[in-house]
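K.L.:
This is a predicted model, with the sequence first.
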Amino acid sequence: MGKPEINYQQLIDVGLSEDFEGFERRLVKTADAMGFPIISGMLMRGVLKDDTMKITTYGNTPAGYLEAAKDRNDALRDPVVGHLMTHTVPVVYDQATYVAAGVGELWEMQAPFGYQTGIAVKLHLPGDKHFVLGVDRDEKLPGSGAQLMQMVAGLQLLAAHALTAADRLLGPKLSKGDLPKLTKRELDVLSWTAQGKTAWEVSVILGMSEKTANFHLGNAMRKLEVTSKHQAVLKCVAAGIL
């Protein structure tokens with residue numbers, strides 16, 4: 001029997017988590033559906049490398065690894081961390097990544113805890129908020145190709161939903177009055193998007209061009225101050241307007 005596949009409802013459920021316990025449980029379940037037994041997340045509020053930055057971590061990081069990875073200098077030398085702090089594209093890593101960076105011993109330290117190969121991504125929200133999410137396992141990843149790209153895309157989608165939930169759970173509760181006024185068309189497009197419809201499908205359902213559907217979606221994202229349609233949907237659902 002093969003592993004279950006990640007589906008859009010799982011992503012929505014992550015974004016709508018009501019507490020951190022449920023949030024972590026859903027993250028772990030979704031990561032497992034993607035084929036990764038370990039998932040780690042971190043929400044950073046403030047300017048990177050500033051002493052006043054607030055960091056909250058979550059996931060199912062092995063307790064033994066937390067003890068072994070306390071050295072801040074090791075984190076600063078980690079090529080995966082370095083990539084995430086300086087690039088906006090996801091990073092796929094394995095032992096060769098660390099060897100090429102001249103820190104093969106860091107991989108040797110992490111590998112016994114299940115951190116042999118993985119994928120990580122960093123997203124951001126307005127207001128100096130940064131979100132890092134990574135999945136790890138001890139099995140090799142598929143070579144470059146459709147299967148690997150599907151895994152990377154899946155993590156990016158999961159990160160978009162997880163970021164919105166983490167930001168909401170750490171911040172004040174949202175209500176309808178906290179959101180800017182959206183037009184009926186913007187809400188219509190978001191409502192169908194929440195049901196997993198593509199922009200083309202939304203355009204057919206609402207009787208408009210795909211360009212117009214994307215226009216309304218873009219306007220809604222700008223008003224809501226988010227960087228993806230998934231974050232827009234979850235923000236509206238959390239405030240009770242969808």
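P.N.:
On my side now, so go ahead.

K.L.:
show me where the protein has helices.
P.N.:
8-15, 20-33, 63-68, 72-77, 79-86, 95-100, 104-110, 146-170, 184-194, 199-206, 210-224, 229-239 (DSSP state H).

K.L.:
Show me what the fourth one packs onto, helices and strands only.
P.N.:
Judged by 3 or more CB pairs under 8 Å, 6 or more residues apart in numbering; DSSP states H and E, helix 72-77 is in contact with helix 104-110. The way it works is simple: take the backbone N, C-alpha and C, and place the C-beta from them, glycine included.

K.L.:
if we can go back for a sec, can you say which of the helices of the chain is nearest to residue 131?
P.N.:
helix 146-170 (4.1 Å; CB to CB).

K.L.:
and that closest one, what does it pack onto?
P.N.:
helix 8-15, helix 20-33, strand 38-45, strand 54-59, strand 117-125, strand 129-137, helix 229-239.

K.L.:
Nearest to residue 186, out of those?
P.N.:
Among the helices and strands packed on helix 146-170, helix 229-239 sits nearest to residue 186 (CB to CB), with 9.2 Å.

K.L.:
ok, the residue lying closest to residue 201 once chain neighbours are set aside - contacts?
P.N.:
Closest residue in space to residue 201, ignoring its immediate chain neighbours: residue 192 at 7.3 Å, by CB to CB, 6 or more residues apart in numbering. The contact partners of residue 192, taken as CB atoms under 8 Å, 6 or more residues apart in numbering, are 201, 202, 205, 206.

K.L.:
And these, which two are furthest apart?
P.N.:
201 and 206 (9.6 Å).

K.L.:
on that earlier part again, quick one: the residue nearest to residue 201 from residue 215, how far?
P.N.:
15 Å (CB to CB, to the nearest Å).

K.L.:
before we move on, what about residue 118?
P.N.:
Look at residue 118 and residue 215: by CB to CB, they are 37 Å apart.
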